[in-house]
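In: Any chance you could fold what I've pasted below:
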Amino acid sequence: MSLGNGKSGAATLAFIYSLIVLSIKITLVFVSGGLSVVSDSIDAMSDIVLLLLLKRIIQKSTEPVDSEHTYGKGKYESLGAIIQFVIITIIYAIIIYSAVESIAKGSAGGVGNGGVAMFTFIGFAVSNLTFGTFLRKKGETLDSDAIKIQGLGYQMDALRSLFVLGATILSMVGITIADPIFAIGISIFVIFMTLRSCRGALDNLVERNPFPPEELILMYDEVPHVIPDIMAVTSVRVKKVGDVVFITMDILMDENVSLKVAHEKMEEIENFIRTLFPDKNFEFSIHPHP
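Out: I've put the predicted structure just below:
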């Protein structure tokens, strides 16, 4: 699989990118120091861990159906997205603690070699925003919560780079306390945005209906209207596992309809729903009743 194609390819591309960014940030820590710079580098290290986790999750979630996982293993990806959030929260909680301790002790030292740090973080902001946007779009295309969260992480890295840039500029003019204050602000912001991005993964884990009410009503109303011999749709149950949407539907049919015709009508229903939602990957279980 070439880089960037499919979930595994996107994760590999992100891993290579993160290694390059990490090597630059570690060098910058020794050159400039500063709590906001260190926190930024710690986050880059966490990206490596999260990407290794992401690759394993993707491998697991794409394994075929077995006797213990009759709907497949797609929920591993949603679980992985939650684990990503927990790891990110722990890392940034530690950074917040260190920053508060620095302010309490009056030991905020600012950022050294501000000129180097300033231009480096401008570059980080541009590259992280570009790559994060690419990865989020890739996650949307592949219907992957974990990849979307990773892409959001890079976009947050871009914003964080701008915050660190601001702390660097203020440190250069003597306002050294800006460094830990910005580190706290960055950390709270990233935790909040990552929590928001986990909503889809949580919905998937608790099997929340992936369709809005109006789309579900559309199935109830349009199927009997469009497909002849279908008297009514009595129930529709929907759940999403990975990128597959499972629909279980009960329908009323004329009791005089032959088994062959009933089977043809069920195929018509499946094709009609796929036409309504061409961007979704469906598995159907349709039960006709007289």
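In: Look at residue 54 and say how many residues are nearby.
Out: 28 (other Cβ atoms under 10 Å). Backbone N, C-alpha and C define where each C-beta goes, glycine included.
In: Touching, it and residue 148? I think so.
Out: No. Judged on Cβ atoms under 8 Å, residue 54 makes no contact with residue 148 at a distance of 11.1 Å.
In: low pLDDT regions in the stretch 51-200 of the chain?
Out: 67, 70, 107-117, 197 (pLDDT under 70).
In: residue ranges of the helices in it, please?
Out: Assigned by DSSP state H, counting those that start in this stretch, the stretch 51-200 of the chain shows helices spanning 75-105, 114-142, 145-172, 178-197, 199-205.
In: can you redo those helices as JSON lines with mean neighbour count?
Out: Formatted as JSON lines, the helices of the stretch 51-200 of the chain follow (neighbours: other Cβ atoms under 10 Å):
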{"stretch": "helix 75-105", "mean neighbour count": "18"}
{"stretch": "helix 114-142", "mean neighbour count": "18"}
{"stretch": "helix 145-172", "mean neighbour count": "23"}
{"stretch": "helix 178-197", "mean neighbour count": "21"}
{"stretch": "helix 199-205", "mean neighbour count": "17"}
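In: Quick one: those as TSV, columns for distance to residue 65 too.
Out: Output for those, formatted as TSV (distance: least, Cβ to Cβ, whole Å):
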stretch	distance to residue 65
helix 75-105	13
helix 114-142	20
helix 145-172	20
helix 178-197	28
helix 199-205	17
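In: Tell me which of the ones you listed sits nearest to residue 17.
Out: Checking the helices of the stretch 51-200 of the chain against residue 17 by Cβ to Cβ gives helix 114-142 as the closest, at 5.7 Å.
In: can you state the direction angle for that closest one and helix 178-197?
Out: 0 degrees (axes from the mean of the first three to the mean of the last three Cα atoms, to 10 degrees).
In: now helix 114-142, how far from the centre of its chain.
Out: Averaged C-alpha coordinates place helix 114-142 at 16 Å from its chain's average position (Cα atoms, centre = their mean, to the nearest Å).
In: I'd like to know how far the residue nearest the centre of the chain sits from residue 19.
Out: Nearest to the geometric centre of the chain sits residue 149, at 2.6 Å (Cα atoms, centre = their mean). Applying Cβ to Cβ, to the nearest Å, the value for residue 149 to residue 19 is 19 Å.
In: same deal with residue 268?
Out: From residue 268 over to residue 19 (counting by Cβ to Cβ), the distance is 51 Å.
In: higher neighbour count, these two?
Out: Neighbours were counted for residue 268 and for residue 19 using other Cβ under 10 Å; residue 268 has more, 16 against 13.
In: Now that one: which helix or strand?
Out: helix 259-276 (DSSP states H and E).
In: can you give me the offset of that helix from its chain's centre?
Out: On the basis of Cα atoms, centre = their mean, helix 259-276 sits 34 Å off its chain's mean C-alpha point.
In: Report the buried residues of that helix.
Out: Across helix 259-276, burial judged by 16 or more other Cβ atoms under 10 Å covers 262, 265, 266, 268, 269, 270, 273.
In: thought residue 236 was touching residue 245?
Out: No. Counting by Cβ under 8 Å, residue 236 stays clear of residue 245, with 11.5 Å between them.
In: Skip ahead from the helix or strand harbouring residue 221 and say which helix or strand is next.
Out: Using DSSP H and E, the element containing residue 221 is helix 213-226. The helix or strand immediately downstream of helix 213-226 is strand 230-241, counting by DSSP H and E.
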